[in-house]
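Participant: Generate a structure from the sequence data that follows.
(one chain, ligands or ions: 1)
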Amino acid sequence: METPVTSKSSVLYANLGAIPPKIESANGNYLYLEDGRQIFDASGGAAVACIGHNNARVKKAVADQLDKISYCFSPWFSTAAYENLSQYLTASTNGEMERVFVVGSGAEAVEAAVKMARQYYLELPTPQPQRTRFIARDRSYHGNTIGSLSLSGHKARRMPFEPILSQQFSHVSPCYPYRGKLERENDEQYVARLAQEVEEEFQRVGPDTVCGFVAETVAGLTLGGVVAVPGYMKAMKAVCDRHGALFILDEVMAGMGRTGTLHAWEQEDVVPHLQTVAKGLGAGYAAIGALLVHKSVVDVFTTGSKAFMHFQTYHGHPLACAAAYEVQQVIKDEDLVANCAKMGKYLGQLLQERLGAHPNVGNIRGRGLLWGVELVKDKKTKEPYPAQDKVAPSIHAAGLNNFGVSLIPGGGVADGTNGDVVVITPAYNITEKDAGFIVERA
Ligand code: PLP
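Facilitator: All right, here's what the predicted structure looks like:
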């Protein structure tokens, strides 16, 4: 329960008038609050804590790194920590992605992707400086910085800042079968219609002005676990290829094992030119995100200026890299991606069994351990709850206050363009018992 601010707090909380519940400690998949409550972390924070809390191996790796070097300025020095993590990531793509740029968050990875895409066209043997535009999708979430918010298609979050967002970004429909697919339309026809819409957007803005098309491989926070229909990603990449634009996948939430393969694109039969990852990369042991760059893009830089015109004081941070590297070794050694796929299927099945027939559950969808339960006022018409009802946020609060479980309030939230979605993203190491507990409390 949030406490009204009686004594003054210096923290600028999301709600300036209330202090959220205070966590004293966390262990495994449980959070222990100061007031004595024990909460099962079924959201892993914001889909982050994928190996649970207080992992001894990761703590040791960070301590060891502290003994070596805690900080250096990455443009001037390399470290084994940055090298090892990058090598692990590129190897995990069979070398398709050839270079890694480590930053401090998902939004920073998205910003780096946007700048890399733009610079790529300037570095080509015949530069294409007219390429300044990006096409993204409605109801997408790519972050809250000005560049990443410009890319985001989440109306409510954009609204207050609309006048200062970049006009170089435009949006098309997402692949969202529950609301987007027409009656009697099959997957193939749906994909063809969406590909046509993207093609028309390229034509509208000028096909040779587009740097890239950006999508979440599995749509996470704002659509809530929406998996594209088969063939969709391939069709989007084909439109990009036709116009020489880059195909950019934002896997900040869906990547690093969350959907049951290390990279979510592995299940889509496509390889992106640029890929962002973050949450599952460091599992919350460090503030870290990364941009993975395909060899075809790297080639242009290594034969061109050789400089990516982007750096940050903390990029390639040794402690963050060491933590993330060890997190990835834990995931590998404990075969957690396979467990994520297996438990994901089980969790999805339990959700369908328990909630599928509920009159206010419109749709249950997901992949791996990224699930969304979309809540509607009217199951038949799919009418969403009005934004002011704050249905998903109140389920989040009830989970914490009454049921000892943390869930993500996602979906339309104050947007009104789709239903509220309760998003479930537990750690990859959950058991059948944990899945049963989550569903019983959800
Ligand atoms: N991209 C996606 C797909 C996300 O889900 C998020 C965060 O939820 C971001 C980008 C932004 O990441 P961060 O909050 O670390 O800046």
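Participant: For the ligand, what's the nearest residue on this protein?
Facilitator: Closest residue of the chain to the ligand, C-beta to the nearest ligand atom: Gly106 (2.2 Å). Glycine gets a C-beta too; all of them are placed from N, C-alpha and C.
Participant: check contacts around that residue.
Facilitator: Residues near Gly106 by C-beta atoms under 8 Å, 6 or more residues apart in numbering: His142, Gly143, Ser148, Asp250, Val252, Met253, Thr276, Ala278, Lys279, Gly289.
Participant: again with Phe437
Facilitator: Listed by C-beta under 8 Å, 6+ apart, the contact partners of Phe437 are Phe40, Val405.
Participant: Show the model's pLDDT score for it.
Facilitator: We note a pLDDT of 94 for Phe437 in this prediction.
Participant: With Thr417 instead?
Facilitator: Among the per-residue scores, Thr417 holds a pLDDT of 63.
Participant: hang on, the earlier thing: restricted to strands, list the contacts of Gly106.
Facilitator: Using DSSP state E to define strands, the subset of those located there is Asp250, Thr276, Gly289.
Participant: Please tell me I have it right and the last one contacts Thr276.
Facilitator: Yes: taking C-beta atoms under 8 Å as the contact criterion, Gly289 and Thr276 are neighbours in contact, 6.7 Å apart.
Participant: Spell out which residues are contacts of both of the two.
Facilitator: Common neighbours of Gly289 and Thr276 are listed as Gly106, Ala109, Val252 (criterion: C-beta under 8 Å, 6+ apart).
Participant: And the first one, what's its pLDDT?
Facilitator: Predicted confidence (pLDDT) for Gly106: 98.
Participant: now the last one
Facilitator: The confidence metric pLDDT takes the value 98 at Val252.
Participant: give me the low-pLDDT residue ranges for this protein?
Facilitator: Within the chain, the stretches falling below the threshold (pLDDT under 70) are 1-7, 412-418.
Participant: domain ranges for it?
Facilitator: According to the domain assignment given by automatic domain parsing, the chain is divided into the following structural domains: 3-54+335-441, 59-333.
Participant: okay, those, which one's buried deepest?
Facilitator: Relative to the other members of the domains of the chain, domain 59-333 carries the highest mean neighbour count by mean count of other C-beta atoms under 10 Å, namely a mean of 20.
Participant: Let me know whether stretch 317-334 sits next to the ligand.
Facilitator: No: figure legend: stretch 317-334 not in contact with the ligand (C-beta under 6 Å from any ligand atom); closest approach 12.5 Å.
Participant: May I have that stretch as PDB, with CA atoms only?
Facilitator: Once non-C-alpha atoms are left out, stretch 317-334 reads as follows in PDB (Å, rounded to 0.1, in the frame of the first residue of the first chain):
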ATOM      1  CA  HIS A 317      30.700   0.000 -17.500                       C
ATOM      2  CA  PRO A 318      33.000  -2.800 -16.100                       C
ATOM      3  CA  LEU A 319      30.800  -3.700 -13.100                       C
ATOM      4  CA  ALA A 320      27.700  -3.800 -15.300                       C
ATOM      5  CA  CYS A 321      29.500  -6.000 -17.900                       C
ATOM      6  CA  ALA A 322      30.800  -8.400 -15.200                       C
ATOM      7  CA  ALA A 323      27.400  -8.700 -13.600                       C
ATOM      8  CA  ALA A 324      25.700  -9.300 -16.900                       C
ATOM      9  CA  TYR A 325      28.300 -11.800 -18.100                       C
ATOM     10  CA  GLU A 326      27.800 -13.900 -14.900                       C
ATOM     11  CA  VAL A 327      24.000 -13.600 -15.200                       C
ATOM     12  CA  GLN A 328      24.300 -15.100 -18.700                       C
ATOM     13  CA  GLN A 329      26.500 -17.900 -17.400                       C
ATOM     14  CA  VAL A 330      24.000 -18.700 -14.700                       C
ATOM     15  CA  ILE A 331      21.200 -18.800 -17.300                       C
ATOM     16  CA  LYS A 332      23.400 -21.100 -19.500                       C
ATOM     17  CA  ASP A 333      24.600 -23.400 -16.700                       C
ATOM     18  CA  GLU A 334      21.200 -23.900 -15.200                       C
END
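Participant: Kindly report the residues of the chain close to the ligand.
Facilitator: Residues of the chain lying close to the ligand (C-beta under 6 Å from any ligand atom) are 46, 105-107, 110, 141-143, 216, 220-221, 250, 252-253, 278, 289.
Participant: swap the cut-off to 5 Å and go again
Facilitator: For the chain, the residues found near the ligand under the criterion C-beta under 5 Å from any ligand atom are Ser105, Gly106, Ala107, Tyr141, His142, Gly143, Glu216, Gly220, Leu221, Asp250, Val252, Met253.
Participant: Of the residues you listed, which is the nearest to Asp420?
Facilitator: Proximity to Asp420 was ranked across these by C-beta to C-beta; first place goes to Leu221, at 12.2 Å.
Participant: For the stretch 201-350 of the chain, which segments are assigned as helices?
Facilitator: Assigned by DSSP state H, counting those that start in this stretch, the stretch 201-350 of the chain shows helices spanning 232-242, 279-282, 295-303, 318-333, 336-355.
Participant: Determine which of these approaches Ile408 most closely.
Facilitator: For Ile408, the closest of the helices of the stretch 201-350 of the chain is helix 279-282, at 11.5 Å, according to C-beta to C-beta.
Participant: Can I get that closest one in CSV? Just the C-alpha atoms.
Facilitator: Written as CSV, here are the backbone C-alpha positions of helix 279-282 (Å, rounded to 0.1, in the frame of the first residue of the first chain):
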residue,chain,number,x,y,z
LYS,A,279,16.2,-6.3,-18.9
GLY,A,280,17.2,-9.9,-18.9
LEU,A,281,20.8,-9.0,-19.8
GLY,A,282,21.8,-8.0,-16.3
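Participant: Give me the contact list for it.
Facilitator: When contacts are defined by C-beta under 8 Å, 6+ apart, helix 279-282 is touched by residues 44, 46-48, 50, 106, 252-253, 255-258, 288-290, 320, 323-324, 327-328, 428.
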